[in-house]
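# pasting the sequence and the predicted model now:
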Amino acid sequence: MTSKTSEPQKLSFLTDIKEIRRRARQHIQDGAVTDSYKGDRTVVLRVLNEALATEIVCVLRYKRHHYMAKGIHSQAVAEEFLEHAAEEQGHADQIAERITQLDGEPNFNPEGMLTRSHSEYVEGETLVEMIREDLVAERIAVESYSEIIRYLGDNDPTSKRMMEEILAKEEEHADDMKTLLETVGKAEEVMAEVKPKSSEGGHRRAS
């Protein structure tokens, strides 16, 4: 009985494999996009290009903050900025590669980059402002990437898995910026309180 019931299943499976092979050869020019792809490729490519722009803008913002960081706490913070810039660049490369796998074109055109990006490019004047702006940008990325993941669902599991990995890193970045903001913010508050007292003492000694 067992052999009789398993035989039709085996034949059906082999037939499916032959059909898969036939389709793969027939549409070989489509690369990774096969008939089993369930996503709306036009929408997915647009969304991924928006994510690409978001990552590029984050790279540029972190790079500027790395070079413009000044103050007593700037060295450690600048190193953190540079590390994040490198990781955001890695995300951009991942997304661009996935776009080409879907037979699309990654949009690196500077014109309209800020329009496509979910996060903004805000420079910030002080170290605390820079950290705050990076935290805001990371929070925007976390929220928008979560939406992208929900949209992709089971229609594009490869893109979804990629965005989940990137989302996890963005959450880590946001936590890093939150910690830096608290640490540097408190340190600068203490410094601000110490300076008036030391200057007052100096005036008293002079008189």
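Great, that's in hand.
# can I assume residue 62 is in contact with residue 89?
No. Between residue 62 and residue 89 there is no contact under CB atoms under 8 Å: 9.3 Å. Heads up, the C-betas are built off the backbone N, CA and C, glycines and all.
# higher neighbour count, the two?
Using other CB atoms under 10 Å as the criterion, residue 62 and residue 89 rank with residue 62 on top: 23 against 16.
# so that one, which of the three states?
Following DSSP: H, G, I helix; E, B strand; the rest coil, residue 62 is assigned to helix.
# quick check: closest non-adjacent residue to it.
In space, and not counting its chain neighbours, residue 62 is closest to residue 85: 3.7 Å by CB to CB, 6 or more residues apart in numbering.
# OK, contacts around the one you found?
Counting by CB atoms under 8 Å, 6 or more residues apart in numbering, residue 85 makes contact with 58, 59, 62, 63, 66.
# surely the second one touches residue 89?
It refers to residue 59. Yes. Contact criterion CB under 8 Å: residue 59 and residue 89 qualify, at 5.1 Å.
# could you report the separation of residue 154 from residue 38?
According to CB to CB, to the nearest Å, residue 154 and residue 38 sit 7 Å apart.
# same check on residue 78?
45 Å.
# do the same with residue 79
Note on residue 79: its distance to residue 38, by CB to CB, is 43 Å.
# and what of residue 179?
Distance, residue 179 to residue 38, by CB to CB: 40 Å.
# also residue 99?
18 Å.
# out of these two, which sits in the busier spot?
Taking neighbours as other CB under 10 Å, residue 99 and residue 38 compare with residue 99 leading, 20 against 12.
# so that one: helix, strand or coil?
helix.
# how about the contacts made by it?
Residue 99 neighbours (CB under 8 Å, 6+ apart): 45, 48, 49, 52, 105, 106.
# excluding chain neighbours, what is closest to residue 114?
Residue 114 sits nearest to residue 121 (CB to CB, 6+ apart), 6.1 Å away.
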